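Colleague: 3D, please:
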Amino acid sequence: MDYNFHWRPVFRSLPDLLNAGLVTLEVATLSMVFGVIIGIVFAIIRLKMRGPIRWFVISWIELARNTPALFQLFFFGFGLGAFGIHLTPFWIVLAGLTFNNAGYLAENFRGGFQAIPETQMRAARSLGMNASQAYVRVIIPQVLRTVYHPMTNQMVWAVLMSSLGMLVGFRELSGETQFLASKTFRIFEYFAVAAVIYYVIVKIIIGGSRLLSFRLFRY
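Modeller: This next block holds a predicted model:
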């Protein structure tokens, strides 16, 4: 084995890699926020409504869950270009991750809503709440508690899936790593450090999730 390891260029570039890691965390967090909002709305629509809007929601969920994430990213990156819609790499990745997260989370939330007894809604309405107030104050908090751990897994998935952004020119952690490695030809060293950064990010998410769940659900 004649390969010589050179870590100095990687350590000099460490601030750039850490900043790229923050970009990865930013786009993953935003996609989760939008995905949670859309997923809750979609779950309610699928459970309570009929007609074209329900079929639109079902189609979104089926496409998000049964097509490769890379295809979804390419659709927003290149497919929309056929219609004259051109997005920046950041918005391509954010749209792709949000589309995917919303599809998976909608099914998680649907299961969460079905796990809440109907008596909860009737009890809330008997206290004078309208339907919206009952959902916001009574039902949805219980649903979020039920699906909290699947949401954590989805957040981790969003962080890891953001690495596909390098294929559409997005300079998140993987994209920045590829760019720097191509300049110095220190492929193994750069991607080894990037793997460690991904590992740390995921562990921070999981650890933060456990602490938050203890604060929110200890009773």
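Colleague: contacts only, for Gly51.
Modeller: Contact analysis of Gly51 by Cβ atoms under 8 Å, 6 or more residues apart in numbering lists nothing. Any C-beta I mention is one placed from the backbone N, CA and C, and that applies to glycine too.
Colleague: how close does it get to Ile45?
Modeller: 10 Å (Cβ to Cβ, to the nearest Å).
Colleague: surely Thr146 and Gly112 touch.
Modeller: Yes - with contact defined as Cβ atoms under 8 Å, Thr146 reaches Gly112; the gap is 4.2 Å.
Colleague: when the two are compared, which one has more neighbours?
Modeller: Counting neighbours by other Cβ atoms under 10 Å for Thr146 and for Gly112 shows that Gly112 has the greater number, 23 against 18.
Colleague: which stretches of this protein have low pLDDT?
Modeller: Low-confidence regions of the chain, defined by pLDDT under 70, span residues 1-2, 218-219.
Colleague: geometric centre of it: which residue is closest?
Modeller: Ala158 (3.6 Å; Cα atoms, centre = their mean).
Colleague: excluding chain neighbours, what is closest to that residue?
Modeller: Ala28 (4.1 Å; Cβ to Cβ, 6 or more residues apart in numbering).
Colleague: who's in contact with the one you found?
Modeller: 97, 155, 158-159, 162.
Colleague: the host helix or strand of Val202 - contacts with which helices or strands?
Modeller: Using DSSP states H and E, Val202 sits in helix 187-217. Counting contacts by 3 or more Cβ pairs under 8 Å, 6 or more residues apart in numbering; DSSP states H and E, helix 187-217 is packed against helix 8-12, helix 14-48, helix 148-161, helix 173-184.
Colleague: I appreciate the help and will end here.
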